[in-house]
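Participant: I'd like to go over a predicted model; first the sequence, then the structure.
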Amino acid sequence: MVLVILAIAASIVIPFAGDNNAGRLRASAELLAADIEDIQARALAEPTDPVRLRVDDDGAGWWLEHVNDPGTPLEGIDGRPVIRRMGAEALAGIDNVVIRVRDLPEEGLEFDDQGAPVELANSILFELETRESEDRLQVEVSASTGRTSITRP
């Protein structure tokens, strides 16, 4: 039993120990994809109160906000604002990842009441890369279905 607990703890801690850029990159991409799927689910559940995802100009994070209250971050289930910054809180062990976005509307990513992205002609690519290496991942949001996927470029 003790061995099982140690194995579980190691599987959580090891990706952040030492120089594991691939693990940090993957964790960042997974959290971004989860937040995108969250706003899509919220659009389906509460179409009269749409939420969108915005990316920081410096590429060091993102946040969720109500469309009807721009600039005010959405509160998460823990009552705290959903603001993701590399090196802080949920991304505390990840300070070497940068996000670049292609084809994101100026207002951010928002979904309609059918779960499709609002006003997108092309899929959106969130490109995450580490500063120290050429490791990269892409989080893609399909323009037609809103499907989110994580791939290597």
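Facilitator: Yes, it's here.

Participant: Grab the longest helix from the protein for me.
Facilitator: Ordering each helix of the chain by length in residues (DSSP state H) puts helix 21-45 first.

Participant: other SSEs contacting it?
Facilitator: strand 51-55, strand 61-66, strand 83-85, strand 97-102, strand 109-110, strand 124-130, strand 136-141, strand 148-151 (3 or more CB pairs under 8 Å, 6 or more residues apart in numbering; DSSP states H and E). Every residue, glycine included, has its C-beta placed from N, CA and C.

Participant: What is the neighbour count of Leu25?
Facilitator: Leu25 has 20 neighbours, counted by other CB atoms under 10 Å.

Participant: and the gap between it and Arg84?
Facilitator: For Leu25, the distance to Arg84 (CB to CB, to the nearest Å) stands at 14 Å.

Participant: Same question for Asp112.
Facilitator: With CB to CB as the criterion, Asp112 and Arg84 are 24 Å apart.

Participant: I figured Glu132 was touching Asn96, is that so?
Facilitator: Yes. Glu132 is within contact range of Asn96, at 5.8 Å (criterion: CB atoms under 8 Å).

Participant: quick one on the thing from earlier: the helices and strands packed on helix 21-45: which one's closest to Asn21?
Facilitator: Closest to Asn21 of the helices and strands packed on helix 21-45, according to CB to CB: strand 124-130, at 4.4 Å.

Participant: Neighbouring strands - and their directions - for that closest one?
Facilitator: Next to strand 124-130 in the sheet, as set by DSSP bridges, lie strand 97-102 (antiparallel), strand 136-141 (antiparallel).

Participant: Name the residues of the first one that are buried.
Facilitator: Residues of strand 97-102 classed as buried by neighbour count (16 or more other CB atoms under 10 Å): 97-99, 101.

Participant: Just give the number of residues close to Ala90.
Facilitator: Number of residues near Ala90 (other CB under 10 Å) recorded here: 16.

Participant: quick revisit: looking at Asp112 and Arg84, which is more packed in?
Facilitator: The neighbour comparison of Asp112 against Arg84 (other CB under 10 Å) goes to Arg84, with 22 against 15.
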